[in-house]
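Sequence plus predicted model, see below.
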Amino acid sequence: MKQYVIIGNGVAAAGCIEGIRSVDKDSKITVVSEENHPVYCRPLISYYLENKTDPERMNYRSTDFYEKMGCDVFYGKKVIRIDADSKKVVLDDGAELSYTEVCVATGSAPFVPPFEGLDTVEKKFSFMTLDDTFALEKAINKDSKVLIVGAGLIGLKCAEGLHGRVASITVCDLADRVLSSILDTECATIMQKHLEANGIQFMLGDTAVRFEKNTVQMKSGKTVDFDILVLAVGVRANIVLIKDIGGEVNRGIIVNERMETSVENIYAAGDCVEGEDISCGQKKVLALLPNAYMQGHTAGVNMAGGDEVFDKAIPMNSIGFFGLHVMTAGTYEGEMYEEKTDSTLKRLFTKDGLLKGFILIGKIERAGIYTSLIRERTPLNTIDFETMKKVATSVAFSPETRRKKFGGVV
Amino acid sequence: MKRVYVNEEWCLGCHLCEYNCAFANSGMSDMATALKGKPIYPRIHIEGDDKISYAVSCRHCTDPICVKSCIAGAISKKDGVVCVDKNKCVGCLTCVLVCPYGALSPSDSGVMQKCELCLQNSCGEPACVKGCPNRAIVYEERGENA
């Protein structure tokens, strides 16, 4: 019998549990969860603020998930050390858990720059966890003036979630555009205008220099008054457990396609790892829920003695703000094909005979066909790309490929 | 398990499957009341060009990437059928971003919908198949268990 330990209780952990159980129905699984919640859908915290969901519906799996999967969960506990020689993990209360295989699924933590005077701000929040969200919700009222530092995915989803529940929302970012990790300048401008039309105010290319209670002095010389501060500057992968024992780390924990770290019997998955982005060949932290699940599943299968690789990681995001959807995937390099209307934009990027990336705003039907071309590295000379670039459609595949897709079991 | 398969050589591109799908999932008993003069939201759609046409609906994949990617935990596979829990779905469209067949689309309320083989509606078997005038869509067993 094996003895599995999973450190972390997010979506990568859920994937790991389901991966293990697809191979090994019997051995014991122990999950160590820092948060006092069963696995929940972390990206839905902004939807919770919008009243589009609630904590019960936010559960990622059914209430009997751990029981059905034969897992013991230690809530409110933190792993402080892995002893790879004696194959034990040590918890903050001194308890030790033996393992035959362990998966590090510790996620990431908000990065807070050392802003001067930040300690004088009374109501400041991160926006990463359900508990952060409950605390933020408790602090706001209809007269609140909210300042969000960070115009990335987290900061802007927070802004959307708070919209209508507070008096004003200002978002600042050192970058000169919104969503700078996924959008180029022109696309970012479209989204910024849409957000501004919905009442979100921006201070871009500007950064906080000094906080003093409810006021911040910006680098530009402007000052902003606020009651509520949300810090959404960025996240850092939680790599310390592997770093401490000399395992290979960079910005994330380094793993191979089987989700093995450089330390024997230790696997890692989710936002804490760095894997290869196949659209550009670089190692990256791809902190996305789908990748977290798939990595966790792969780790679980391999921990249990099966054989699975996850070798199709790419950055990809589907995100909407106030009814306008954006989808992005891959890398924006090579030749660009563009279609534009007043309300939509499509950019496809091709290089070396492959689709490398895309940005779609407004018109997103069947975008997954484009995503699959990137993930599968489909040579564009095997499809009718002239048709495909105009419309994402399986018509562009050869008749044989189409017969396999729609006439066979996939 | 039985799935919906298409034969593009027989498809006329008449779009009847789309109407039958929308009607079967409308919960109404009269087709005209359900569909006439309204935008329809079928879970199957005709694709094609001037030479060929065929119907596309969920393949109920062996290893469904939509299930693995759903950020709301709203898509699952039950007895071989990939299903959306409309109560949990928040309409983020991540499933649209990943489905390689283009088989998911939003419903009139914004949450996602997809072919669930009419097993949960009053039709009881795929309405697209039942109503196809040329047997270009069939519902049958072609191997693989679930």
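All right, it came through fine.

Residue of chain A nearest chain B, please.
Proximity of chain A to chain B (C-beta to the nearest C-beta) peaks at A:R366, 3.0 Å away. For the C-beta atoms, the positions are set from N, CA and C on the backbone; glycine is no exception.

Give me the mean pLDDT for stretch A:366-378.
The average of the pLDDT scores along stretch A:366-378 is 98.

Now do the helices in chain B.
B:16-24, B:31-35, B:65-69, B:94-98, B:127-131 (DSSP state H).

worst average pLDDT in those helices?
Of all the helices of chain B, mean pLDDT reaches its minimum on helix B:31-35 (a mean of 93).

Would you tell me which one of the helices of chain B is buried the most?
helix B:94-98 (a mean of 26; mean count of other C-beta atoms under 10 Å in any protein chain shown).

was I right about A:S220 contacting A:A208?
No - the pair A:S220 and A:A208 fails to qualify as a contact (C-beta atoms under 8 Å) at a distance of 10.6 Å.

Between these two, point out the one with more neighbours.
Higher neighbour count among A:S220 and A:A208: A:A208, with 23 against 12, using other C-beta atoms under 10 Å in any protein chain shown.

residues in contact with that one?
A:115, A:149, A:172, A:216-219 (C-beta atoms under 8 Å, 6 or more residues apart in numbering or on different chains).

now the helices of chain B in JSON lines, with distance to chain A?
Output for those, formatted as JSON lines (distance: least, C-beta to the nearest C-beta, whole Å):
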{"stretch": "helix B:16-24", "distance to chain A": "13"}
{"stretch": "helix B:31-35", "distance to chain A": "21"}
{"stretch": "helix B:65-69", "distance to chain A": "4"}
{"stretch": "helix B:94-98", "distance to chain A": "4"}
{"stretch": "helix B:127-131", "distance to chain A": "13"}
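
Near chain A, which residues of chain B are found?
Contact residues, chain B versus chain A (C-beta under 8 Å from any C-beta of the partner chain): B:3, B:5-8, B:47-49, B:52, B:54, B:56, B:59, B:61-62, B:65, B:68-69, B:71-73, B:87-88, B:90-102, B:105, B:142-144.

Using ChimeraX, make a named selection holding only the buried ones among these.
Buried members of the residues of chain B next to chain A can be picked out in ChimeraX with the line below, counting by 16 or more other C-beta atoms under 10 Å in any protein chain shown:
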select /B:3,5,6,7,8,47,48,54,56,59,61,65,68,69,71,72,73,88,90,91,92,93,94,95,96,97,98,99,100,101,102,105
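
So what does the nearest residue to A:F226 once chain neighbours are set aside have for phi and psi?
Closest residue to A:F226 apart from its sequence neighbours, by C-beta to C-beta, 6 or more residues apart in numbering or on different chains: A:L147 at 3.8 Å. Main-chain dihedrals, A:L147, degrees, to the nearest 10: phi -110, psi 120.

The residue nearest to A:F127 when sequence neighbours are not counted: which element?
Spatial nearest neighbour of A:F127, chain neighbours left out: A:C158 (4.5 Å); criterion: C-beta to C-beta, 6+ apart. Per DSSP states H and E, A:C158 falls inside helix A:153-162.

Just the C-alphas of the helix or strand following that helix, formatted as CSV.
Toward the C-terminal end, the helix or strand that comes next after helix A:153-162 (DSSP H and E) is strand A:168-173. What follows is strand A:168-173, C-alpha atoms only, in CSV (Å, rounded to 0.1, in the frame of the first residue of the first chain):
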residue,chain,number,x,y,z
SER,A,168,-16.0,54.7,-6.5
ILE,A,169,-13.3,52.4,-7.8
THR,A,170,-9.9,53.6,-8.9
VAL,A,171,-7.3,51.2,-10.3
CYS,A,172,-3.7,52.1,-10.6
ASP,A,173,-0.8,50.2,-12.2
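
which SS state does A:A14 fall under?
Three-state call for A:A14 (DSSP: H, G, I helix; E, B strand; the rest coil): helix.

Which residue lies closest in space to the residue of chain A closest to chain B, excluding its sequence neighbours?
B:G102 (3.0 Å).
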